[in-house]
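S.K.: fold the following and give me the result.
(one chain, ligands or ions: 1)
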Amino acid sequence: MQDDRITKLGAVPRRDGSGRALDWVEARRLLDGLPSGGLNIAYEAVYRHVARGDGHRCALRFIDKRGRRSDLSYEALAGEVSRFANVLARLGVQPGDRVFGLAGRVPSLYVAALGTLAHRAVFCPLFSAFGPDPIAVRLKTGRGRVLVTSSKLYTKKVAAIRDRLPELEHVLVVDAGLAPEGTLSLAQLMQEAPEAYEIGPTDPEDPALLHFTSGTTGTPKGALHVHEAVVAHHVTGRDALDLRPGDVFWCTADPGWVTGTSYGIVAPLTCGVTMIVDEGEFDARRWYGCIASEHVAVWYTSPTAARMLMKAGAELAREYDLSSLRFIASVGEPLNPEVVRWSVDAFGMPIHDNWWQTETGGIMIANTIERDVKPGSMGRPLPGVEAAIVEREPDGRVRVVEEPGVEGELALRRGWPSMFRAYVDQPERYAKCFAGDWYLTGDLARVDEDGYFWFVGRTDDVIKSAGHLIGPFEVESALMEHPVVAEAAVIGKPDPVAGDIIKAFVTLRPGTEVSPELERDLMAFARKRLGPAVAPRQIDFATELPKTRSGKIMRRLLRARELGLPEGDTSTLETFT
Ligand code: AMP
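M.R.: From the prediction side, this is the model:
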């Protein structure tokens with residue numbers, strides 16, 4: 001196994017003097033809990049700073065698309081969050097009801113997320129790049145009662161699917177102007193709402209967050225998290241991202257992704273940092289400019305973004321004063337070793353890869369500030385996390401692989417606070433994720449003799465494209481809605497920047513001629529329904545798709561053939577031409 005580690009010069013002492021959390025009980029003591037008992041994410045993130053006399057500190061700094069800044073102190077944020085909680089109360093929203101967010105990085109989205117948690121309703125973020133189909137499926141599966149969105153997104157993506165969503169009672173639009181028909185102006189409701197709100201009794205096991213993720217088959221899965229997750233959010237913010245009170249922190253994750261909540265809202269606020277929220281899209285100059293002008297100390301981003309910056313060149317980075325940076329981390333996809341080495345050249349420090357997923361709710365495996373980095377490795381399990389490589393036995397049990405260097409499935413011993421508690425309405429799918437005490441992640445990995453974990457791949461066919469986890473089934477279903485498509489199969493095709501791009505293979509109904517116009521039409525059709533983040537970037541026409549004898553399309557075989565890789569076991573193959 002390669003070992004070109006990046007050695008940290010001397011141990012970096014923890015400057016907060018708090019020591020490491022040894023277990024979750026100790027981690028829980030780092031939080032305050034509600035004055036009346038219980039544990040509520042919004043309290044730990046916002047109100048407790050005010051109660052401790054730190055309300056004047058800047059909690060959120062918003063930078064809009066045009067570069068204009070606006071700050072919210074913890075105290076001002078508490079006022080806004082309280083107003084939103086009161087808005088929900090007035091609308092008759094009950095604890096446990098689902099409030100969805102579909103918006104870019106605008107202040108109201110952050111206020112809505114925290115206000116929902118304060119009201120003990122469940123917050124569920126959606127990607128604003130989704131098309132109407134993925135939005136409808138998730139709102140329906142999650143039984144969304146309230147949706148917070150913009151007029152533009154509502155008109156473009158939601159208005160036409162509204163009749164499919166009888167349970168969606170209220171749509172609150174965040175813009176200042178006139179609310180479209182069928183929606184309410186959030187600004188107006190907020191104006192009428194009182195600024196004081198007392199959080200009701202919250203059991204740590206009360207549901208708090210719902211994050212949709214994709215599987216290989218069937219509808220997307222709604223992973224449900226509880227208020228106790230905040231224990232993991234907080235301590236991993238501290239230990240994996242090195243967040244300390246007063247730090248300026250920038251998390252570039254899309255607010256629709258689990259990272260956008262766990263580390264784009266909760267962890268940084270519980271740690272008392274100033275969080276930068278930039279509404280703008282990726283642009284190398286804008287990003288470097290943001291780090292320099294905001295004096296960002298800790299920066300959490302994605303491998304796709306890092307690869308795009310690398311493409312723009314280290315010279316560009318050197319044009320900016322990036323000396324405020326103390327720690328850089330990334331998550332969501334494999335981080336190439338050459339990007340880690342490039343980062344040392346460009347920023348004077350490695351990007352620290354870490355690993356987790358929607359179901360784990362928080363970072364589980366990480367390269368931390370104190371330890372050497374082995375480029376290409378995801379790092380080591382955090383304190384309190386027990387990770388292992390396991391093999392599934394035919395009887396359903398798992399065997400822990402003790403020898404280093406052996407590939408197997410990455411498993412985590414259940415019991416960490418941010419572990420998902422259910423897939424909404426799918427208890428069997430949930431149960432299938434566990435074998436005894438082990439949660440099976442669906443990722444393949446290996447561990448080396450120093451305890452560093454290395455990502456190998458997935459055990460299933462889900463695709464990671466520019467950080468989005470995409471279920472092939474959802475894309476195939478949308479393509480098959482097109483009148484000329486008979487069958488569709490979707491794979492991930494390696495791409496130097498996005499990790500993988502979505503490639504579709506389709507067979508056509510008899511009598512349909514293949515043509516460039518048809519290809520363009522299909523692409524546009526998929527884009528309109530699914531949105532640009534999920535739609536295929538390439539479509540190939542086939543006369544037949546490889547299937548097992550039981551009729552399941554063998555995506556793996558299509559991928560192997562596309563990439564010129566060995567085809568593996570094809571004994572169950574039925575036909576292919
Ligand atoms: P999501 O639930 O959308 O956050 O996606 C989780 C999946 O992303 C994991 O199961 C992995 O397959 C992948 N992933 C997350 N972090 C990493 C990482 N550091 N290296 C490689 N793959 C990762």
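
S.K.: C-alpha from now on. contacts and neighbour counts both.
M.R.: OK.

S.K.: what are the phi and psi values at the residue in the stretch 451-577 of the chain positioned nearest to the ligand?
M.R.: The shortest separation between the stretch 451-577 of the chain and the ligand is 4.6 Å, found at Leu469 (distances taken as Cα to the nearest ligand atom). Backbone geometry at Leu469, expressed as degrees, to the nearest 10, gives phi -90, psi 120.

S.K.: and Arg145, by the same measure?
M.R.: Geometry field for Arg145 lists phi and psi as phi -100, psi -30, criterion degrees, to the nearest 10.

S.K.: which parts of the stretch 401-550 of the chain are helices?
M.R.: Along the stretch 401-550 of the chain, the segments classed as helices by DSSP state H, counting those that start in this stretch run 427-431, 472-480, 516-530.

S.K.: I meant to write the stretch 101-250 of the chain there.
M.R.: All helices of the stretch 101-250 of the chain, identified by DSSP H, counting those that start in this stretch, fall at 107-118, 132-141, 151-153, 186-192, 229-239.

S.K.: indicate which one of these is closest to Pro180.
M.R.: helix 151-153 (6.4 Å; Cα to Cα).

S.K.: buried residues in that closest one?
M.R.: Within helix 151-153, the residues that count as buried by 16 or more other Cα atoms under 10 Å are Ser151, Leu153.

S.K.: and that helix, average pLDDT?
M.R.: Averaging the model's pLDDT scores along helix 151-153 yields 97.

S.K.: same check, this time on stretch 219-230
M.R.: The average of the pLDDT scores along stretch 219-230 is 96.

S.K.: which residues touch it?
M.R.: Stretch 219-230 is touched from outside by 39-41, 44, 137-138, 141-142, 202-215, 266-267, 358-359, 361, 417-424, 471, 474, with contacts defined as Cα atoms under 8 Å, 6 or more residues apart in numbering.

S.K.: and His225, how far from the ligand?
M.R.: 13 Å (Cα to the nearest ligand atom, to the nearest Å).

S.K.: partners of that residue in the sheet?
M.R.: Legend: beta-bridge partners of His225 under DSSP bridges are Leu209.

S.K.: same question for Ile6.
M.R.: Note on Ile6: beta-bridge partners Val373, judged by DSSP bridges.

S.K.: residue contacts, it?
M.R.: The neighbours of Ile6, taking Cα under 8 Å, 6+ apart as the test, are Pro350, Asp372, Val373, Lys374, Pro375.

S.K.: over to Thr301?
M.R.: If you count contacts by Cα under 8 Å, 6+ apart, Thr301 has them with Cys251, Thr252, Ala253, Ile328, Ala329, Ser330, Val331.

S.K.: quick one, strands of the stretch 401-550 of the chain?
M.R.: Remark: strands assigned in the stretch 401-550 of the chain by DSSP state E, counting those that start in this stretch are 408-413, 422-423, 434-435, 438-447, 453-458, 463-465, 468-470, 485-495, 499-508, 538-541.

S.K.: I misspoke; the intended subject was the stretch 151-300 of the chain.
M.R.: According to DSSP E, counting those that start in this stretch, the strands that the stretch 151-300 of the chain contains are 170-173, 184-185, 207-213, 221-226, 248-251, 274-278, 298-301.

S.K.: and these as CSV, adding distance to Ile161?
M.R.: Listed next are those as CSV, based on distance: least, Cα to Cα, whole Å:
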stretch, distance to Ile161
strand 170-173, 13
strand 184-185, 17
strand 207-213, 19
strand 221-226, 20
strand 248-251, 32
strand 274-278, 30
strand 298-301, 33
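
S.K.: out of the helices of the stretch 401-550 of the chain, which is the most enclosed?
M.R.: When these are scored by mean count of other Cα atoms under 10 Å, the highest mean neighbour count falls to helix 472-480 (a mean of 22).

S.K.: that helix vs helix 516-530, what angle?
M.R.: Relative orientation of helix 472-480 and helix 516-530, computed by axes from the mean of the first three to the mean of the last three Cα atoms, to 10 degrees: 130 degrees.

S.K.: tell me the phi and psi of the spatially most distant residue from the centre of the chain?
M.R.: Using Cα atoms, centre = their mean, the residue of the chain lying farthest from its centre is Gly511. It sits 42.9 Å away. According to degrees, to the nearest 10, the main-chain angles of Gly511 amount to phi 90, psi 0.

S.K.: now tabulate the helices of the stretch 101-250 of the chain in JSON lines and tack on distance to the ligand.
M.R.: JSON lines is the format used below for the helices of the stretch 101-250 of the chain (distance: least, Cα to the nearest ligand atom, whole Å):
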{"stretch": "helix 107-118", "distance to the ligand": "19"}
{"stretch": "helix 132-141", "distance to the ligand": "15"}
{"stretch": "helix 151-153", "distance to the ligand": "22"}
{"stretch": "helix 186-192", "distance to the ligand": "30"}
{"stretch": "helix 229-239", "distance to the ligand": "15"}
